[in-house]
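Chemist: here is the input, now give the coordinates:
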Amino acid sequence: SPTFNASLLYPESQRRRSTANDQRIHPGHRAVMDLIPYQLDPALQALRQPRNRILIADAVGLGKTLSLAIAALTLCLLADKPTGQSSGPRRPVVIFAPATLTEQWQTEMLDKLGIPTARWDTVGKVWLDADERVLSPAGREQIAHCPLRIGIVSTGLMMRDSLEKQHLLGMRFGVVILDE
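Modeler: As a prediction, this is how the structure comes out:
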């Protein structure tokens, strides 16, 4: 009955309104992804280390993309937390992935976590959204001006000398993810 369904939703709505007070990570977009508990381990590990560096190496399809995305999001949110002191400008997040995986990263970040990202188009020299819309003016120097907090760049770009590579090497990032 509708009343019964509503009674089941009420406790869930109250749980979601309450603030967690334990050491676990509680993703806010639970409805758009099916998390397996071990997928939160990289974020917890990164938070426990003085220098937030982690390496994930496992079989294909076990959720490395999601694990790293959650870790990156958690670290970004903590970096943005007000501390009473001037923490300086927000640093961007960059995801380096093989050209064949850049669209997959962008799609999974949006579909599973609800996080919009920009993807660098190495041919057009512009930032693109998940719908292939251009987000920036054209030009190699635009790689240093990602219009969104998270940018996705092909690892192939870093393998050859280019103006884009020089711009990226001169930047400071809040989080760097390197995929295969």
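Chemist: can you pull the buried residues of the helix or strand encompassing E108?
Modeler: E108 belongs to helix 102-113 when elements are defined using DSSP states H and E. Buried residues in helix 102-113, defined by neighbour count with 16 or more other C-beta atoms under 10 Å: T102, W105, Q106, E108, M109, L110, K112, L113. (Each C-beta comes from the backbone N, C-alpha and C, glycine too.)
Chemist: hmm, who's touching it?
Modeler: Helix 102-113 has contacts (C-beta atoms under 8 Å, 6 or more residues apart in numbering) with 27, 29, 32-33, 65-66, 69-70, 73, 95, 97, 115-117, 119-120, 130, 150, 152-154, 179.
Chemist: list the contacts of the residue nearest to G139 when sequence neighbours are not counted.
Modeler: Nearest in space to G139, with sequence neighbours left out and distances taken as C-beta to C-beta, 6 or more residues apart in numbering, is K125 at 5.7 Å. In this structure, K125 makes contact with A138, G139, R140, Q142, I143, E164, judged by C-beta under 8 Å, 6+ apart.
Chemist: what does K125 show for phi and psi?
Modeler: Main-chain torsions, K125, degrees, to the nearest 10: phi 60, psi 50.
Chemist: quick one: it and E141, what's the gap?
Modeler: Using C-beta to C-beta, to the nearest Å, K125 is found at 9 Å from E141.
Chemist: again, but for M171
Modeler: Using C-beta to C-beta, one gets 12 Å for the distance from M171 to E141.
Chemist: repeat for P42
Modeler: As for P42, its distance to E141 is 33 Å (criterion: C-beta to C-beta).
Chemist: in the sheet, which residues pair with V126? Tell me.
Modeler: Bridge pairing for V126 (DSSP bridges) gives the partners D121.
Chemist: can you list the weak-confidence ranges in the protein?
Modeler: Counting by pLDDT under 70, the chain has low-confidence residues at 1-36, 38, 46-47, 50-63, 76-90.
Chemist: strands of that one, start to end?
Modeler: Remark: strands assigned in the chain by DSSP state E are 93-97, 118-121, 126-128, 150-154, 175-178.
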